[in-house]
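A.B. asks: curious how this folds, go ahead:
(one chain, ligands or ions: 1)
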Amino acid sequence: MTGWQSALDPAGVGGSAVAALWWAMLAMATLVLVAVLAALGWSLARHLRITAVADPIAFAARTDPAADQQATRWVGVAVIATTAILLVTFALSLGTSRAAARLAVDGAAEIEVTGVQWWWEVRYLDSLPARIVRTANELHLPAGRSIRLRLRSRDVIHSFWAPNLHGKMDLIPGHDNYLWIKAERPGTYRAQCAEFCGVQHTKMAMAVIVHAPEEYDAWLAAQREPVRSPADSVALAGLRTFEAQPCATCHSIRGTMAYGQAGPDLTHFARRRTIAAGERPNTPAELTAWLLNPQGIKPGNHMPKVPLAADELNALVAYLSGLR
Ligand SMILES: [Cu+2]
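C.D. replies: This next block holds a predicted model:
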């Protein structure tokens, strides 16, 4: 896994600006720490010298105008240094914001990311509605292109945070936020919800997959395709089960009778890396465990346990595992 969730391993323009700011602040904070410790050491040494004299109280009470003046000078220097450091930090953080703002370009592709308790809906927008792709829990980006993310929420406030690529941005119900993002290095990165949003907040992760541009275009074209009816008879039984059971009222699979919107779209589910927003790897065994008891894996999540006969469960797993 390249660059697995670290703000200090930037793979995008926004991330690089944030990392540079972080290192600059660390350097300044280190200098300040060293200076404060040196001053502390100096005053301790002085205290030891004073207590070593025969009559410390008389020594401390004695006035020394020259020493007072020197002390005042040092306080003045410290005040000026503090102000200068704050101003430099302010200027650096303005520079970071400007670097991120420069990503805006006309005609950029727009991707809508919606926070839902406790998963991510991702829609690749297009002026032609038929070309819009709806998927979940993975954000695919082309390297080297500025992309406008439209951030929304369906329920409570969430926060989108892909530390390798950019700083955080809140997803607010009833209000669209926009984040310009430009990934530079292909790879797989981890994003997560960074605003407490309920019991399964910690299990609300998302993979961010940065592709070379042509690879991204091919991926998006493949996602636009609806599914074909499975040739295999077990998988076909799985499709029938999916449509007959409550699954289809919550999940959509383009090319079938399933149009539900409450849960993640499953059209190309087998291509996804994980189940339930990063919670489990997407393997037939984990999928079986999820369908048997979603509440055991992610307690409180909004998928109920649907009672299934053993052959229905097998058929569903065969069908969903084939949705490539
Ligand atoms: Cu959240």
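A.B. asks: backbone dihedrals for the residue of the stretch 201-324 of the chain found nearest the ion, please?
C.D. replies: Proximity of the stretch 201-324 of the chain to the ion (C-beta to the ion) peaks at Met204, 4.7 Å away. Where you see a C-beta, it was placed from the backbone N, CA and C, and this is true even at glycine. With angles defined as degrees, to the nearest 10, Met204 sits at phi -130, psi 70.
A.B. asks: now swap in Ser252 and tell me
C.D. replies: For Ser252, the backbone dihedrals are phi -110, psi 140 (criterion: degrees, to the nearest 10).
A.B. asks: what of the one 5 residues further on?
C.D. replies: The main-chain torsion angles of Met257 are listed as degrees, to the nearest 10 and equal phi -90, psi 0.
A.B. asks: poorly predicted segments of this protein, please.
C.D. replies: Residue ranges of the chain with pLDDT under 70: 1-3, 54, 56, 59-62.
A.B. asks: coming back round to it: can you get me a residue count around the residue of the stretch 201-324 of the chain closest to the ion?
C.D. replies: By other C-beta atoms under 10 Å, 27 other residues sit near Met204.
A.B. asks: so what's Glu279 up against?
C.D. replies: Residues near Glu279 by C-beta atoms under 8 Å, 6 or more residues apart in numbering: 203, 205, 297-298.
A.B. asks: how about a markdown table for those, with distance to Ala100 added?
C.D. replies: Below are those laid out as a markdown table (distance: C-beta to C-beta, whole Å):
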| residue | distance to Ala100 |
| --- | --- |
| Lys203 | 29 |
| Ala205 | 23 |
| Ile297 | 37 |
| Lys298 | 33 |
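A.B. asks: in strands, which of these appear?
C.D. replies: Judged by DSSP state E, the contacts of Glu279 include Ala205 as members of strands.
A.B. asks: for the contacts of Glu279, work out which two are farthest apart.
C.D. replies: Spatial extent of the contacts of Glu279 (C-beta to C-beta) is set by the pair Ala205 and Ile297 at 13.8 Å.
A.B. asks: closest one of the contacts of Glu279 to Arg145?
C.D. replies: Comparing these against Arg145 with C-beta to C-beta picks out Ala205 as the nearest, at 24.1 Å.
A.B. asks: test my guess that the closest one contacts Gln192.
C.D. replies: Yes. Here Ala205 lies in contact with Gln192, judged by C-beta atoms under 8 Å, at a distance of 4.7 Å.
A.B. asks: wouldn't Asp170 be in contact with Arg152 here?
C.D. replies: No. Using C-beta under 8 Å, Asp170 makes no contact with Arg152, being 10.4 Å away.
A.B. asks: shared neighbours, these two?
C.D. replies: Common neighbours of Asp170 and Arg152, using C-beta under 8 Å, 6+ apart, are Asn177.
A.B. asks: which of the contacts of Glu279 fall within helices?
C.D. replies: Counting by DSSP state H, the part of the contacts of Glu279 found in helices is Ile297.
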